[in-house]
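Visitor: Generate coordinates for the sequence data below:
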Amino acid sequence: MATLQVMTGAAVAIITVSVMIALAAVAAVVGLTVVLAAVPFVAMLACSDVFAAWQRSRIAAFTGVMIPITTVLPRNSDATLLSDLLRAARQLSTWRHIAYHLFVGPVLAAIGATVVACAWSGALLFTARPLLVLLLPGITGASAPKDAAVTGAGLLLIFVAPWVARGVALLDTATATVMLGPTRADEVRRLAESRAAAVSAADAERRRIERDLHDGTQQRLVSMAMRLGLALATMDDLPDDARKVIQRAHDDAKDALKELRDLVQGLHPAILADRGLDAALSGIAARAPLPVTLSVDLVPGGRVPVATEAVAFFIVSETLTNTAKHARATRASVSVTQRRHGLTIKIEDDGGGGADPARGSGLRGLAQRAASVDGTLHIHSPEGGPTVITAELPCGS
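Guide: Numbering: from 1, shown residues only. Next comes the predicted model:
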C-alpha cells in the first residue's frame, strides 16, 4: 500500500505541476493588465482546490488520515470577484497550496518515487541474477562469491524496500497534512465564525421568545388585569371578602405583567430592534436611578451587528444598575464611540471605587458578554474611585 501511495502521488504530481505551471505561464504572459491576469489566477485557485481534494482523497484512501478541508477560492460569496481574489491573496493557506502543487509535492513525489522504484528494482534484479545467468546466454556470471553477494543484497533489499516505501509514504502524508491542512489562522477564523454564528442564532432565538411573550402571554395578562380592574370598578355589590380576593388577583396580575415586561426587556429590548442603539441607550439613561450623561457617536450609515448592539445595550444597562446599587455614586457618564472596526463603550461614575470582578459575578458577567462577540472589557476601580469600565466590541468593516 505504501508503494502504491508513493507511485500514485507521483502520477498526481505530474498532472498538478503541469497544469499549475501552464496557468502560471499564461498569467505571466497576459499579466500586462490586472483584468487579464485575474482569469488564469482564478483558474489557478480553482485548480488548486481541486488538486488539494485529489491529494486528500489519495492520502485518506491509502492511510485513513483525513486532512481537514481548506479552500483558497471562496464559493457562494456575495462579495465581488476582486475582493475574493484579494482575500485569497492575503491568506497564507493560498500560497501554501500553490507552493505544494508547484514545488513541494512534485519534488517530494519525484524523489520518493525514484527511491522506492530503485529499491524494488534492485531487489528484483539482484535476487533474480542467478536465474538470469542460467536463462540468458548473453549474461555471464561472476565468481561464486560475487554472485552470492549480489543475491544476498537482493534478498536484503526485498526486506528493506517495504520500509523505504513506508518511510517515503509517511513523509508524503506528513507534508500533505502540513501544506494542505488548515493553518492556525484558519482555525482561529473558523472558530470565530462558528462562535459568531452561535451568538447570532442565540440572539435570534431570544428575539423570537421576546416576540412570542409580547404578542401572546403579555397581552393575555393585560387583558386579565383590565377585566379584574373593570370588575372592581363596576361591581359595587360584591362582598368585602370577594372584593379583597379580586383586588389581590388584580395586584398579582399587574405584578406579573411588570415582571414579564422586565423579562422581555432582558431578553431583547424592542426599542433596540425598532429604533437602534442610540435610542435604546437614551431610554436606559432616562430610566436610571441616578443622573447619567450620555454621549453616542455612531458612524453615519454604519452598520453595527445585531449581536454587538445587544451586548452593548446590556453592558450599559447592567453597569448602571450595579452602579446605582453598589457604588454609592451621585452621577455617571456613558460614552459610546463607533469607529470603522469597533465600538468603544466607556462608563464612569463618581462612586467609592473598589470594584473587583473576583468578588462578584456581575462584573464577570459583563466580561463574558463582551467576550461572546470577541470583545474585551477592562475595569479600573481604585479605592476611593472613580470607577471606569471600558468595553471594546468589534463591528466589522
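
Visitor: Strands of this protein, start to end?
Guide: 292-297, 332-338, 342-349, 376-380, 387-394 (DSSP state E).

Visitor: contact partners of the fourth one?
Guide: Outside strand 376-380, the residues that touch it by Cβ atoms under 8 Å, 6 or more residues apart in numbering are 315, 355, 357, 363, 366-367, 369-371, 387-392. (C-beta placed from N, C-alpha, C; glycine too.)

Visitor: quick one: which of the strands of the chain is nearest residue 113?
Guide: strand 387-394 (48.8 Å; Cβ to Cβ).

Visitor: Can you name every helix or strand that that closest one contacts?
Guide: helix 306-326, strand 342-349, helix 361-371, strand 376-380 (3 or more Cβ pairs under 8 Å, 6 or more residues apart in numbering; DSSP states H and E).

Visitor: buried set for the shortest one?
Guide: The reference is to strand 376-380. 377, 379 (16 or more other Cβ atoms under 10 Å).

Visitor: next one: the longest one
Guide: Neighbour-count burial for helix 306-326 flags 306-320, 322-324 (criterion: 16+ other Cβ under 10 Å).

Visitor: repeat for the second one
Guide: Residues of strand 342-349 classed as buried under the neighbour-count rule (16+ other Cβ under 10 Å) are 342, 343, 345, 346, 347, 348, 349.

Visitor: how far off strand 292-297 does that strand point, in degrees?
Guide: Strand 342-349 runs at 170 degrees relative to strand 292-297, counting by axes from the mean of the first three to the mean of the last three Cα atoms, to 10 degrees.

Visitor: which outside residues touch strand 342-349?
Guide: By Cβ under 8 Å, 6+ apart, strand 342-349 touches 304, 308, 312, 315-316, 319-320, 323, 327, 329, 331-338, 385-395.

Visitor: that older thread, and the helices and strands packed on strand 387-394: which comes nearest residue 27?
Guide: Closest approach to residue 27 among the helices and strands packed on strand 387-394 (Cβ to Cβ): strand 342-349, 37.4 Å.

Visitor: quick one: strands adjacent to that closest one?
Guide: Paired strands of strand 342-349, with direction, are strand 332-338 (antiparallel), strand 387-394 (antiparallel) (DSSP bridges).

Visitor: Mind listing what's buried along the shortest one?
Guide: Spelled out, it's strand 332-338. For strand 332-338, using 16+ other Cβ under 10 Å, the buried residues are 332, 333, 334, 336, 338.

Visitor: Nearest to residue 42 among these?
Guide: Ranked by distance to residue 42 (Cβ to Cβ), those are led by residue 338 at 35.4 Å.

Visitor: List the residues that contact the closest one.
Guide: Contacts of residue 338 by Cβ under 8 Å, 6+ apart are 297, 298, 299, 302, 304, 344, 395.

Visitor: Which helix in the protein has the most residues?
Guide: The longest helix of the chain (DSSP state H) is helix 144-180.

Visitor: Show me what that one is packed against.
Guide: Using 3+ Cβ pairs under 8 Å, 6+ apart, helix 144-180 sits against helix 2-29, helix 34-63, helix 92-99, helix 105-135.

Visitor: Now the longest one: average pLDDT?
Guide: Looking back up the chat, that one is helix 105-135. Mean pLDDT, helix 105-135: 78.

Visitor: going forward, begin numbering at 211 instead of 1
Guide: Got it, first residue is 211 now, which makes that one helix 315-345.

Visitor: outside of stretch 447-457, which residues touch it?
Guide: By Cβ under 8 Å, 6+ apart, stretch 447-457 touches 438, 441, 442.

Visitor: Can you tell me how far the second one is from residue 457?
Guide: The one in question is residue 441. 10 Å (Cβ to Cβ, to the nearest Å).

Visitor: what does the first one give?
Guide: Here the criterion is Cβ to Cβ. By it, residue 438 lies 8 Å from residue 457.

Visitor: Looking at those two, which is more packed in?
Guide: residue 438 (19 against 15; other Cβ atoms under 10 Å).

Visitor: Was I right to think that one contacts residue 463?
Guide: Yes: between residue 438 and residue 463 there is a contact at 6.0 Å, judged by Cβ atoms under 8 Å.

Visitor: burial measure for the closest residue to residue 322 other than its chain neighbours, as a count.
Guide: Closest residue in space to residue 322, ignoring its immediate chain neighbours: residue 378 at 3.9 Å, by Cβ to Cβ, 6 or more residues apart in numbering. When counting by other Cβ under 10 Å, one arrives at 24 neighbours for residue 378.

Visitor: now do residue 252
Guide: 17.

Visitor: ok, it to residue 263 distance?
Guide: 17 Å.

Visitor: Please pull out the lowest mean pLDDT helix or strand from this structure.
Guide: Least confident helix or strand, the chain: helix 291-300 with a mean of 66, by mean pLDDT, DSSP states H and E.

Visitor: Quick one: residues contacting residue 322.
Guide: 216, 219, 220, 378, 379, 381, 382.

Visitor: For PyMOL, what selects the buried ones among those?
Guide: Selection of the buried residues among these in PyMOL, burial being defined by 16+ other Cβ under 10 Å:
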select buried, resi 216+219+220+378+379+382
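
Visitor: any idea which of the contacts of residue 322 is the one closest to residue 485?
Guide: residue 382 (60.3 Å).
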